[in-house]
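S.K.: dropping a prediction and its sequence here:
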Amino acid sequence: MRGRPSDLVAEIGEIQDSLGLHDYHAFLIWFLEQTTYLSRKQILRCICDGSHDKGIDAIIIDDTEREVNIIQSKFSGEFDGRIPESEVKLLADTRRYFKNRDSISKIVSHSNATVANLLPKAYDCVKGKNYGLNLILISTKRASPGLMEQRNELGLKDNDNVYDRERILTLYDNHLRDFNPSLPSYKLRFSPTDQFLVKRQPGQTAYVLSVPCTELRDLYLKFGDDLFRKNVRDFLGTNRANTGMNWTLEKYPENFWYFNNGITMLCDKADPNVAESYVEVENPQIINGCQTTKTIGRFKGEVKGNILVRIVESKDNEFAAQLTLFQNTSNPVKNRDLKSNDIVQIRLKRELARRGYYLEVKRGQEFSKYRARHRGSWRIDFPYGSFNNEELAKCLATVKIRPDIAASKGSEVFFDEYYEKLFPSTLSVLECLRIIIIQRLIRGSYGREKWHGLDNAFRFKNRALWYLLRYVSDSLKGPSWTRVIVSAGQDGRLLDKKLTSEFRKIASGYFELLYVAWRKSRLFEGFDSYLTSPEARKDMKRQFGSKLSELKNMTLDLFEKRVAPTT
């Protein structure tokens, strides 16, 4: 169900009341909390809105993404009307502030203190450090049907953004789905005739009790998937374990308590009432037992039997993270699952959603399932499609470590011993998109036809892909190329027939060199063992150093000719 404007206005009103600000300031703070990882204190330091603000409401200098974001904000609690073209032109005019140092000096000499402080720093980043410059208009009014098509005429560039009423409400929906406020308290009833166990230590209290399956079903029907926000994965659908649970519920419900491992629930506070046989839990979160809960909740027949429930009361975030981790270390939970609530994965998912991409982080939350649930809106919410963090990890391993690591290892390694190297807290979303887009361009450059007489030529190229990704990535490095490639991947320039045709020739050249290098090698009988060995890259450099340089220059020339001039 789509979030209502009135609910968003109420949430903005809470920010307004808590900080003693105007509603338009509160709207800007709300927006930045959804689209950045700045704290509220940091956001307040970025807000310029006020007298002599020169049409700038906020300046965000993002050192991770190497971007400067200039924001104009227009708020109306009615969420009605159309965005005037004059507001878009006013936003576009701020680009001229960055024309030269004299322009900045003239602006800050008649501006308020915040603009005078931040604008010169932003100019230095754009001109001196080659940061990207993005102009962003946020408004609770609707964009006219032709507004986005008139971007260039109105002075906006490809990387500039307009968040109108619909996009703001989509942000609000994402906020409700992934970053909900705490769930309200719930009275979970337990079986009074069964033993009630309590364990206490400083900061945590746990209750172990026997709960009728009907109670767990009612809990799920009330809160739905919001119960599993802190779980490491979502419901996996029909599998052997879930089929077994259905069978037990149908045939032997009295044995369900014995056959099932039970569930673990984390909450902010648990208040037991032994006399009336219930525990009142605040903000309940099932961190282990998603499959069990959903199976019971979706059971078609009469629900009978009991289940073991462990309720843990704690507000210690570090303890809660460790509890979630260790509650989910038994097979078949994967290392990828255990990292699904890591702050880096959450940030990437959130920031990629803002840019129109769906990042699959948790098993059970695949893009195909999202599309099935949101048939009418997924193209608007995620116009550039999806990819998962396993694919991203392989791409990152290629450029951060070695292509043979990407060719030979899988997610169990990438989300374990290599995790910190692949997903540091400073990982740039734009860099992630750059290598994903290049990887997909390479994949589109080869077909399934026979090649050199190999029946499994496609498998050879799938292994060799990671070497090409490294070579092409090294050819197009740096913040400027990152922004060019991301922009070109979004506006369709990488689908240009001349570019794809010429790039196919370059890719064929790389594949040919890898094939010849393998055939010349005396150490490896099969290409699988060759391409998953560090010797392959050494061979390539030793045998074909000059040809690799030639292909690198061809790649650079092609992108400068076909892609860069229009950015």
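M.R.: Yep, it's here. Residues are numbered from 1 along each chain as shown.

S.K.: this protein: strands as residue ranges?
M.R.: Remark: strands assigned in the chain by DSSP state E are 58-62, 67-74, 132-139, 161-163, 186-189, 197-201, 204-212, 263-267, 269-273, 278-282, 285-288, 306-313, 358-360, 386-388.

S.K.: avg pLDDT for the fifth one?
M.R.: Model confidence over strand 186-189 averages 93 on the pLDDT scale.

S.K.: what lines up beside it in the sheet?
M.R.: strand 278-282 (antiparallel) (DSSP bridges).

S.K.: now do the third one
M.R.: Strand pairing for strand 132-139, determined by DSSP bridges: strand 67-74 (parallel), strand 161-163 (parallel).

S.K.: contacts made by it with the rest, please.
M.R.: With CB atoms under 8 Å, 6 or more residues apart in numbering as the test, strand 132-139 has contacts from 27-28, 31, 65-75, 83, 87-88, 91-92, 94-95, 98, 126, 156-157, 159-165, 168, 479, 483. Heads up, the C-betas are built off the backbone N, CA and C, glycines and all.

S.K.: tell me the average confidence for it?
M.R.: On average, the pLDDT along strand 132-139 is 92.

S.K.: pretty sure residue 73 is touching residue 57, no?
M.R.: Yes. Counting by CB atoms under 8 Å, residue 73 does reach residue 57; the two are 4.4 Å apart.

S.K.: endpoints of stretch 290-309, how far apart?
M.R.: Taking CA to CA, to the nearest Å as the measure, stretch 290-309 stretches 12 Å from start to finish.

S.K.: buried stuff in that stretch?
M.R.: Of the residues in stretch 290-309, 290-297, 299, 303, 305-309 count as buried by neighbour count, 16 or more other CB atoms under 10 Å.

S.K.: repeat that for stretch 377-394.
M.R.: Across stretch 377-394, burial judged by 16+ other CB under 10 Å covers 378, 381-382, 386-394.

S.K.: now what about it, what contacts it?
M.R.: In contact with stretch 377-394 (CB under 8 Å, 6+ apart) are residues 2, 166, 170, 173-174, 336, 345, 348, 353, 355-361, 366-367, 370-371, 374, 406, 410-411, 414-415, 418, 422-423, 432, 436, 439, 466, 489-490.

S.K.: selecting buried members of those in ChimeraX, what would you type?
M.R.: In ChimeraX, this line selects whichever of these come out buried by 16+ other CB under 10 Å:
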select :170,173,174,336,345,348,353,355,357,358,359,360,361,367,370,371,406,411,414,415,418,422,423,432,436,439,466,489,490
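
S.K.: so how far is residue 260 from residue 249?
M.R.: From residue 249 over to residue 260 the distance is 10 Å, taken as CB to CB, to the nearest Å.

S.K.: got it, and residue 135?
M.R.: Going from residue 135 to residue 260 by CB to CB gives 55 Å.

S.K.: where does pLDDT dip in the stretch 101-250 of the chain?
M.R.: Counting by pLDDT under 70, the stretch 101-250 of the chain shows low-confidence ranges at 148, 174-182, 231-242.

S.K.: longest helix of this structure, counting residues only.
M.R.: In terms of residue count, the longest helix belonging to the chain (DSSP state H) is helix 535-562.

S.K.: what mean pLDDT does that helix have?
M.R.: Mean pLDDT, helix 535-562: 94.

S.K.: so which elements touch it?
M.R.: Applying 3 or more CB pairs under 8 Å, 6 or more residues apart in numbering; DSSP states H and E, we find helix 535-562 packed against helix 403-408, helix 457-475, helix 479-491, helix 497-520.

S.K.: need the residues that contact the second one.
M.R.: Helix 457-475 has contacts (CB under 8 Å, 6+ apart) with 394-395, 398-399, 402-404, 406-407, 434-435, 438-439, 441-443, 446-451, 454, 507, 510-511, 514-515, 527-528, 531-532, 536-537, 540, 548, 551-552, 555-556.

S.K.: now the longest helix of the chain, how far from the chain's geometric center?
M.R.: The chain centre lies 32 Å from the centre of helix 535-562; the measure is CA atoms, centre = their mean, to the nearest Å.

S.K.: report the buried residues of it.
M.R.: Within helix 535-562, the residues scored as buried using 16+ other CB under 10 Å are 535-537, 539-540, 544, 548, 551-552, 554-555, 558-559, 562.

S.K.: for stretch 184-193, same thing?
M.R.: Neighbour-count burial for stretch 184-193 [16+ other CB under 10 Å]: 185-186, 188-190.

S.K.: start to end distance for that stretch?
M.R.: Criterion CA to CA; first-to-last residue distance in stretch 184-193 is 28 Å.

S.K.: ditto for stretch 94-111
M.R.: End-to-end span of stretch 94-111 (CA to CA): 13 Å.

S.K.: how about stretch 289-306?
M.R.: With CA to CA as the measure, stretch 289-306 spans 14 Å from end to end.

S.K.: which residues does it contact?
M.R.: Here stretch 289-306 has contacts from 191, 194, 210-214, 216-217, 219-221, 227-228, 231, 233-236, 241-242, 245-246, 248-250, 253-257, 260-265, 286, 307, 364, using CB under 8 Å, 6+ apart.

S.K.: what do you get if the cut-off is 6 Å, keeping everything else the same?
M.R.: With CB atoms under 6 Å, 6 or more residues apart in numbering as the test, stretch 289-306 has contacts from 191, 210, 212-214, 216-217, 220, 228, 231, 235, 242, 245, 249, 253-254, 256-257, 260, 263, 286.

S.K.: rewinding a little: now, of the contacts of helix 457-475, which are buried?
M.R.: Buried among those (16+ other CB under 10 Å): 394-395, 398-399, 402-404, 406-407, 434-435, 438-439, 441-442, 446, 451, 507, 510-511, 514-515, 527-528, 531-532, 536-537, 540, 548, 551-552, 555.

S.K.: which of the buried residues of stretch 290-309 lies closest to residue 278?
M.R.: residue 309 (12.0 Å; CB to CB).

S.K.: neighbours of the nearest residue to the closest one once chain neighbours are set aside, how many?
M.R.: Distance criterion CB to CB, 6 or more residues apart in numbering; nearest residue to residue 309, sequence neighbours excluded, is residue 211 at 4.5 Å. Applying other CB atoms under 10 Å, we find 24 residues neighbouring residue 211.

S.K.: which ones are touching residue 211?
M.R.: Counting by CB under 6 Å, 6+ apart, residue 211 touches 190, 307, 309.

S.K.: dump the residue contacts of the last one.
M.R.: When you say that, I think you mean residue 309. Residues near residue 309 by CB under 6 Å, 6+ apart: 209, 211, 263.

S.K.: pLDDT wise, what is it at?
M.R.: On the pLDDT scale, residue 309 gets 93.

S.K.: tell me the spacing between it and residue 250.
M.R.: Per CB to CB, residue 309 is found 21 Å from residue 250.
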